[in-house]
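*Asks:* okay, sequence plus prediction incoming.
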Amino acid sequence: MTSVVLVHGTGVRSDGYDKLFELVGRHLDELNVGTKLLRCLWGEDHGARLNLDGVSVPQRRGDGEGPRPAPDQPIPRGDRDAADAIWSLLDIDPLAELRMLAEAEAAQAGAPYVPQQDETPAERLISLLKGLPDHPAVRERAALHDLAGSDLESAARSVSDVLRALLLETPTPMDDLRHIVARAVVAVALDRADMRWDQGMSVDGAAVDGLQTVVLEALGEPGAALGWFSGLTKPAWLPLWRTGEWFTSWQVRRKRPGVSAQVAPPIGDILRYQARGEGLRECIADAVGAAEPPVVVLAHSLGGVACVDLFAHQDYGQTVGALVTVGSQAPFLYEMDALSSLSYGQPLPVYFPRWLNAYDPRDPLAYVGAPVFGTHRVTDKEFNTGRPLLRAHSAYWDHRPFYTWLRHEVLR
């Protein structure tokens, strides 16, 4: 049996680690290869925190909301990068697309809506949303990704409220509106679940697509064919990078104390490790020392950096069969001559364990190691988790191809 030591990354504390440990354990069990997952929770004792409850953060005075940037030119239908941009926007405000649709329709000020049937598309969707939390397929798929019934109930209620208040007589065709509503439901549900995790849920793009598919089915979509764009909504939210920039700036201005409290653990963990990283490395050393060989160390983000530092200083050749870093920055820090264990130009020691490095090009915190240390020292593996930006940074943990690769490379 192989011992797998799970070393988390920045911003994770006990509750989030417990959920992560359960998620990774479930995926490893599905591989049926005989592994024992072991804990290495360092965030509680060696992570950063605001010791004075954030008194250094300036308090907001006034709203500070500026004008919305004007839309520009459209994005081609079906562009996956644009789809990622939409989800980046929904990560900022899960109801943004619905609100923008309402604003676009108000700006057009066309002829009043004339109903063609007894209920409008919005009214029909509001009716279907009432039963969404109890829909068997939706509940089953949601449970696979640790979404609670309360997350679904909150999502259905929030989306219904926006439809009722802003879009009850929208002329948007049912097919387009249903897809916008489905995205909003999934985005709100994930946002609610985020509140129960330390730094966000670990869901990949396939999981999001799967959730959207069952929601579409529950909302009456024939075949639940996924689609990203509605022609009517394009003028309301393009270009996405400018819209996202406005929303981000608005959120930060309005909620800076809360944002700072959320940002402090991940950023602070990095700063604290660079200043005083011995405790984190000792925590990893204790976990590895207590594991029965052969040991595979599975380390995320800053946890991967700490493992590289530890294994570059101490010989674990008789214990650790492989180090697997996930979304990690060790190669980048080495290239900048900022890796504490090795100065730039120093090679990895001969006793350094086999090193495999998983990355997603969309993950802004993931780097490749082979061009830096050599293909004979690091094996890089690219994954497409289907999630944008920082969402991609945690999506590896729910990405089945990642575990298939693990089984083939180190858990045979």
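*Replies:* Sure, I can see it.
*Asks:* now the helices for the stretch 201-350 of the chain?
*Replies:* Ranges of helices in the stretch 201-350 of the chain, per DSSP state H, counting those that start in this stretch, are 205-218, 234-237, 240-254, 256-275, 278-290, 302-313, 330-335.
*Asks:* how many neighbours does residue 12 have?
*Replies:* 29 (other Cβ atoms under 10 Å). In short, each C-beta sits where N, CA and C put it, glycine included.
*Asks:* for it, helix, strand, or coil?
*Replies:* Classification of residue 12 by DSSP: H, G, I helix; E, B strand; the rest coil places it in coil.
*Asks:* check residue 39 too.
*Replies:* Once three-state DSSP is applied, residue 39 turns out strand.
*Asks:* wait, it touches residue 21, no?
*Replies:* Yes. The pair residue 39 and residue 21 passes the contact test of Cβ atoms under 8 Å, sitting 6.2 Å apart.
*Asks:* which neighbours do these two share?
*Replies:* Residues within reach of residue 39 and of residue 21 at once, by Cβ atoms under 8 Å, 6 or more residues apart in numbering, are residue 6.
*Asks:* neighbour count for these two, which is higher?
*Replies:* Taking neighbours as other Cβ under 10 Å, residue 39 and residue 21 compare with residue 21 leading, 17 against 14.
*Asks:* least trustworthy helix or strand in this structure by mean pLDDT?
*Replies:* Least confident helix or strand of the chain, by mean pLDDT, DSSP states H and E, is helix 234-237 with a mean of 42.
*Asks:* can you give me the buried ones in stretch 156-172?
*Replies:* Neighbour-count burial for stretch 156-172, counted by 16 or more other Cβ atoms under 10 Å, picks out 156, 158-160, 162-163, 166-167, 170-172.
*Asks:* so of those, which ones are in strands?
*Replies:* Using DSSP state E, no member of the buried residues of stretch 156-172 falls in strands.
*Asks:* part of a strand, is residue 36?
*Replies:* Yes. Assessed by three-state DSSP, residue 36 belongs to a strand.
*Asks:* quick check: pLDDT value at it.
*Replies:* Residue 36 is assigned 97 on the pLDDT scale.
*Asks:* for burial, what's the neighbour tally of it?
*Replies:* Residues near residue 36, counting by other Cβ under 10 Å, number 14.
*Asks:* quick one on the thing from earlier: lowest-confidence stretch among the helices of the stretch 201-350 of the chain?
*Replies:* Among those, helix 234-237 scores lowest, with a mean of 42.
*Asks:* do a quick rundown of the strands in the chain.
*Replies:* Going by DSSP E, the chain shows strands at 2-7, 35-40, 295-300, 320-326, 354-359, 378-382.
*Asks:* in CSV, list the ones you listed along with distance to residue 267.
*Replies:* Putting the strands of the chain into CSV (distance: least, Cβ to Cβ, whole Å) gives the following:
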stretch, distance to residue 267
strand 2-7, 19
strand 35-40, 21
strand 295-300, 16
strand 320-326, 19
strand 354-359, 21
strand 378-382, 26
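*Asks:* so which of these is the most surrounded?
*Replies:* Highest mean neighbour count among these (mean count of other Cβ atoms under 10 Å): strand 295-300, with a mean of 26.
*Asks:* hmm, who's touching that one?
*Replies:* 2-9, 24, 35, 284, 288, 306-307, 319-328, 353, 396-397, 406, 410-411.
*Asks:* go again using 6 Å as the cut-off
*Replies:* Residues from elsewhere that reach strand 295-300, judged by Cβ atoms under 6 Å, 6 or more residues apart in numbering: 2-9, 288, 307, 319-320, 322-326, 410.
*Asks:* distance check, the residue nearest to residue 102 when sequence neighbours are not counted against residue 95.
*Replies:* Nearest in space to residue 102, with sequence neighbours left out and distances taken as Cβ to Cβ, 6 or more residues apart in numbering, is residue 166 at 3.8 Å. Applying Cβ to Cβ, to the nearest Å, the value for residue 166 to residue 95 is 10 Å.
*Asks:* burial measure for the closest residue to residue 343 other than its chain neighbours, as a count.
*Replies:* Take residue 343 and drop its neighbours on the chain: the residue closest to it by Cβ to Cβ, 6+ apart is residue 337, 6.2 Å away. Residue 337: 11 surrounding residues under other Cβ under 10 Å.
*Asks:* repeat that for the one 3 residues further on.
*Replies:* When neighbours are counted by other Cβ under 10 Å, residue 340 registers 17.
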